[in-house]
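*Asks:* Mind folding the following:
(2 chains)
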Protein chains: 2
Amino acid sequence: MKRITLLIIAIATLAGVIGFQARASRHLPTQEATPIFLTRIPDGYREWRFISVAHEEGNLNSFASVLGNDIAIKAYREETLPFPDGAIIAALHYRFIPSVENNKAFGRDQSFVAGDPTNVQFMVKDSKKYAATGGWGFGHFNKDGKTVDDAFMKTCFPCHQKIKERDLVFTRYAP
Amino acid sequence: MKRITLLIIAIATLAGVIGFQARASRHLPTQEATPIFLTRIPDGYREWRFISVAHEEGNLNSFASVLGNDIAIKAYREETLPFPDGAIIAALHYRFIPSVENNKAFGRDQSFVAGDPTNVQFMVKDSKKYAATGGWGFGHFNKDGKTVDDAFMKTCFPCHQKIKERDLVFTRYAP
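*Replies:* Numbers count the residues shown, from 1 in each chain, chains lettered A, B, ... in the order given. All right, here's what the predicted structure looks like:
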């Protein structure tokens, strides 16, 4: 149900995006269509600094570690909003699994750790390139490094728009 | 019950440590007593790279982000065991709390994030200085930056000894 709602919102949003691009193209007829999703993984993201962690229950059953490049970390620490161009936020997702060895050490079942990696998601700030999606380019790469279908990607922006007051970024900085 | 068991193990271990130091002191009568716990927070740990995440249920109800300095990260990636001297591993702990804003965006209660910071724990590898505790110096600093009582600290080593095959380090590297 939720997925369908998101898709409806995504389609409505996309219609707006296409409408916008169609109008824009009247003024810039030779310009290429704006790439609205990331097509390659940003370099060196695994070396970036730590922003925060998250866990999603349900179908996702995920552990996330959210990292930021230098521009993103600086913006977070100085509470700069909107995020400046060049900021990139990465969410590294893993399975949320019980730790048999930790539980054995604790003497009870209480410990959960990161299991297999599942995907990495990105938000890249470029207020011109991604003007149609709030200045953010969204990316999702499965553990084989491959992107996913556009129908899925079109759900990113409408959901992130729900947190407009923090420039579409849900994750808060963990001190 | 578990705490008591840990304390008993800790006391037994401490007895061994004291015995060891007593013997050592016969040869080096003027040497100061070995500091077995960290007394100050390692510099710059919040800039370190990401190792993995963890969640503990129960009384701890914690989210951990585990970071490593350059020596620790290199050792993890190259699977070097034991960890070389100079390696430092930091566990940044936060309250595990539901995210009202994320749940609203998802349309259901499924999201947990890092709440207030609670403490930061460290393991510092120095095979000489911390020879009595497997080459690791343990540290625990509450959010006010203060250390905790020795009785608590003495539970670190006996528990970490349970994972001797990974040089006393429970956390595995998340790719």
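*Asks:* Show me the strands in chain A, by range?
*Replies:* A:49-56, A:62-68, A:88-98, A:111-125, A:136-142 (DSSP state E).
*Asks:* quick one, which of those is nearest to B:Lys164?
*Replies:* Closest of the strands of chain A to B:Lys164 is strand A:111-125, at 18.4 Å (criterion: CB to CB). For the C-beta atoms, the positions are set from N, CA and C on the backbone; glycine is no exception.
*Asks:* so what does the closest one touch, helix or strand wise?
*Replies:* Helices and strands touching strand A:111-125, by 3 or more CB pairs under 8 Å, 6 or more residues apart in numbering or on different chains; DSSP states H and E, are strand A:62-68, strand A:88-98, helix A:100-106, strand A:136-142, strand B:49-56.
*Asks:* Does the third one reach chain B?
*Replies:* Yes. Using CB under 8 Å from any CB of the partner chain, helix A:100-106 reaches chain B at A:Glu101, A:Asn102, A:Lys104, A:Ala105, A:Phe106.
*Asks:* who's in contact with the fourth one?
*Replies:* Residues in contact with A:Ala105, defined by CB atoms under 8 Å, 6 or more residues apart in numbering or on different chains, are B:Cys159, B:Lys162, B:Ile163, B:Phe170.
*Asks:* A:Glu47 - how many residues pack around it?
*Replies:* Counted with other CB atoms under 10 Å in any protein chain shown, residues neighbouring A:Glu47 total 11.
*Asks:* Might one say that it is in contact with B:Arg49?
*Replies:* Yes. With contact defined as CB atoms under 8 Å, A:Glu47 counts as touching B:Arg49 (6.0 Å).
*Asks:* which of the residues of helix A:100-106 next to chain B sit farthest apart?
*Replies:* Using CB to CB, the pair of the residues of helix A:100-106 next to chain B lying farthest apart is A:Glu101 and A:Phe106, separated by 9.8 Å.
*Asks:* Between those two, point out the one with more neighbours.
*Replies:* Ranked by neighbour count (other CB under 10 Å), A:Glu101 and A:Phe106 place A:Phe106 first, with 19 against 15.
*Asks:* what's the pLDDT at that one?
*Replies:* The model reports A:Phe106 with a pLDDT of 88.
*Asks:* what about it, distance to B:Glu56?
*Replies:* Distance of A:Phe106 to B:Glu56, given as CB to CB, to the nearest Å: 8 Å.
*Asks:* what about the closest residue to A:Thr39 other than its chain neighbours, how many residues close to it?
*Replies:* Computed as CB to CB, 6 or more residues apart in numbering or on different chains, the closest residue to A:Thr39 that is not its neighbour in sequence is A:Thr147, at 6.6 Å. The number of residues packed near A:Thr147 is 16, by other CB under 10 Å.
*Asks:* Let me know whether A:Thr147 touches A:Asn119 as I believe.
*Replies:* No. Applying CB under 8 Å as the test, A:Thr147 and A:Asn119 come out as separate, 10.1 Å apart.
*Asks:* Find residues that contact each of these two.
*Replies:* Common contacts of A:Thr147 and A:Asn119 (CB under 8 Å, 6+ apart): A:His140, A:Phe141.
*Asks:* Neighbour-wise, which one of the contacts of A:Ala105 leads?
*Replies:* Counting by other CB under 10 Å, top hit in those: B:Phe170 with 21 neighbours.
*Asks:* OK, contacts around that one?
*Replies:* B:Phe170 sits next to A:Ser99, A:Glu101, A:Asn102, A:Ala105, B:His160, B:Ile163 when contact means CB under 8 Å, 6+ apart.
*Asks:* One more: A:Ala91?
*Replies:* Counting by CB under 8 Å, 6+ apart, A:Ala91 makes contact with A:Ala54, A:Ala64, A:Ser65, A:Val66, A:Val120, A:Gln121, A:Phe122, A:Thr171.
*Asks:* Excluding chain neighbours, give the residue nearest to A:Ile41 in space.
*Replies:* Distances taken as CB to CB, 6+ apart put A:Phe141 closest to A:Ile41, at 5.4 Å, once the chain neighbours are dropped.
*Asks:* ugh, wrong one, A:Gly86
*Replies:* Nearest to A:Gly86 is A:Ile71, by CB to CB, 6+ apart, at 4.5 Å.
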